[in-house]
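Asker: Generate a structure from the sequence data that follows.
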Amino acid sequence: MTTTRSREPDEGLLYAMIRWPARIIAVIVVVPLRLLWELLKLIGKGIRILCWTWFLRPILKGLRILLWDWFLRPILKFVARHVLVPIGNAIAWVVKRLLRPPFVFLIRYLLIKPGALLCRYVLAPVGRYVLAPVAFALIGALWFAGGVSTAVFDLLIVRPLSWLWRAVLVPIRNHVLAPIGRAIRAILRPIGNATREVFRAFRIGGR
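Answerer: Residues are numbered from 1 along each chain as shown. Next up, the predicted model:
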């Protein structure tokens, strides 16, 4: 305890001796550098405001007004109104008056009417007199095949299994397995009763 108390003043004195020079160095070096940095930031901000707000921004705004509002926009309006619109109207007139009638004529007389005639005089008779009978015949054949397969399945599988169940398995169950089961139960029941009595007697004797 005495040693600890004697060291505390020495350590406090050493700390104070180191702390005050460090503070002096910080005041002499760090504070001026900080003030210099803040001054440079303020100067940079002022230069940015001066260059952008008072110089570059008005110049760019004036160039936009001069180039777009006074020069490019009127030229584009003039070109759109007096050049592009007449060209579009001319193209629309050419398409409507010169190209559309032959195109409609070709579509009508080379595709629509031949297609209608083909459907009326070729495809419809073929479907009515060829495909429809074939489809009905196919449906009838499928129905007949389904009936035949059902009958064959009933004859070869369902009926033999039903006969086997009724004629063989049920009599075996009723006349063989059931009596054997009853006999086994009749034999095992007295044995089980006797075994329980023996265990009960041993348990009572042990107590």
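
Asker: Would you mark the buried spots in the longest helix anywhere in the chain?
Answerer: Ordering each helix of the chain by length in residues (DSSP state H) puts helix 178-206 first. Buried residues in helix 178-206, counted by 16 or more other CB atoms under 10 Å: none are found. Every C-beta, even on glycine, is put in place using the N, C-alpha and C of the backbone.

Asker: Distance-wise, check Leu118 relative to Leu131.
Answerer: For Leu118, the distance to Leu131 equals 15 Å [CB to CB, to the nearest Å].

Asker: again with Ala116
Answerer: In terms of CB to CB, Ala116 sits 19 Å off from Leu131.

Asker: So for the longest helix of the chain, mean pLDDT?
Answerer: Mean pLDDT, computed over helix 178-206, is 74.

Asker: for it, the distance to its chain's centre please.
Answerer: 68 Å (CA atoms, centre = their mean, to the nearest Å).

Asker: residue boundaries of the helices in the chain?
Answerer: Going by DSSP H, the chain shows helices at 2-25, 31-48, 57-64, 73-79, 85-94, 100-107, 113-118, 124-126, 132-153, 159-164, 170-172, 178-206.

Asker: Lowest mean pLDDT across the ones you listed, which one is that?
Answerer: When these are ranked by mean pLDDT, helix 2-25 comes last with a mean of 58.

Asker: Tell me, how many residues neighbour Gly127?
Answerer: 13 (other CB atoms under 10 Å).

Asker: Got the confidence number for it?
Answerer: 77.

Asker: Quick check: Leu156 vs Leu42, distance?
Answerer: Computed with CB to CB, the distance linking Leu156 and Leu42 is 106 Å.

Asker: Same question for Lys61.
Answerer: Going from Lys61 to Leu42 by CB to CB gives 27 Å.
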